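> what's the 3D shape of this:
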Amino acid sequence: MTHSAESAERHLLDPTVRADGDAVDQLLHRDFVEIGRSGRLWTRAEMIEALLADPEVSGEPEDMTVHEFASGCVLVTYTLDGIRRSSVWIRKAGRWQVRFHQGTPIAAHG
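This is a model prediction of the structure:
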């Protein structure tokens with residue numbers, strides 16, 4: 001069974017959703033922050049602006065898993081385009097919103 005936070009994560013990866021400011025506004029928690037793959041800290045406003053400017057996503061998420069910490073709080077992890085991604089989603093008033101996201105490049109082995 002697919003967890004609704006997983007569905008919300010997949011929805012947020014949809015370029016048509018990412019290009020819709022109202023849709024993104026609904027999915028990002030008011031206190032959202034992101035640590036990008038470069039280590040940069042992104043605010044909610046900066047992330048919304050960045051998604052609207054470049055909504056495209058390359059590739060499909062792989063190995064998506066959901067780890068429930070408590071009722072209404074989950075960690076969604078997956079790999080996309082050589083980046084290991086982690087998102088903390090919280091459910092408030094029946095709606096899932098992403099509170100935190102981090103992207104970490106996968107180190108080459110060898």
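> Okay, now the unreliable bits of the protein?
1-2, 109-110 (pLDDT under 70).
> Kindly recompute the last result at 90.
Within the chain, the ranges that satisfy pLDDT under 90 run 1-3, 37, 58, 92-93, 107-110.
> quick one: the helices in it?
Counting by DSSP state H, the chain has these helices, from start to end: 4-12, 15-18, 21-27, 44-53.
> give me every residue that touches Val24.
By C-beta atoms under 8 Å, 6 or more residues apart in numbering, Val24 lies in contact with 12, 17-18, 48, 51-52. (Each C-beta comes from the backbone N, C-alpha and C, glycine too.)
> quick revisit: quick one, which of the helices of the chain is nearest to Met64?
Met64 lies closest, by C-beta to C-beta, to one member of the helices of the chain: helix 4-12, at 6.0 Å.
> What helices and strands are in contact with the closest one?
The elements that helix 4-12 packs onto, with contact taken as 3 or more C-beta pairs under 8 Å, 6 or more residues apart in numbering; DSSP states H and E, are helix 21-27, strand 62-70, strand 73-80, strand 83-92, strand 95-105.
> So for that helix, what gets flagged as buried?
Within helix 4-12, the residues that count as buried by 16 or more other C-beta atoms under 10 Å are 4-6, 8-12.
> Quick one: distance of that helix to the chain centre.
Chain-centre distance of helix 4-12: 8 Å, with C-alpha atoms, centre = their mean, to the nearest Å.
> Can I get it in PDB? Just the C-alpha atoms.
Below are the C-alpha coordinates for helix 4-12, written out as PDB (Å, rounded to 0.1, in the frame of the first residue of the first chain):
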ATOM      1  CA  SER A   4      -0.200   9.200   1.400                       C
ATOM      2  CA  ALA A   5       3.100  11.100   2.200                       C
ATOM      3  CA  GLU A   6       4.800   9.100  -0.500                       C
ATOM      4  CA  SER A   7       2.000  10.100  -2.900                       C
ATOM      5  CA  ALA A   8       2.500  13.800  -1.800                       C
ATOM      6  CA  GLU A   9       6.300  13.500  -2.500                       C
ATOM      7  CA  ARG A  10       5.600  12.100  -5.900                       C
ATOM      8  CA  HIS A  11       3.100  14.800  -6.600                       C
ATOM      9  CA  LEU A  12       5.700  17.400  -5.600                       C
END
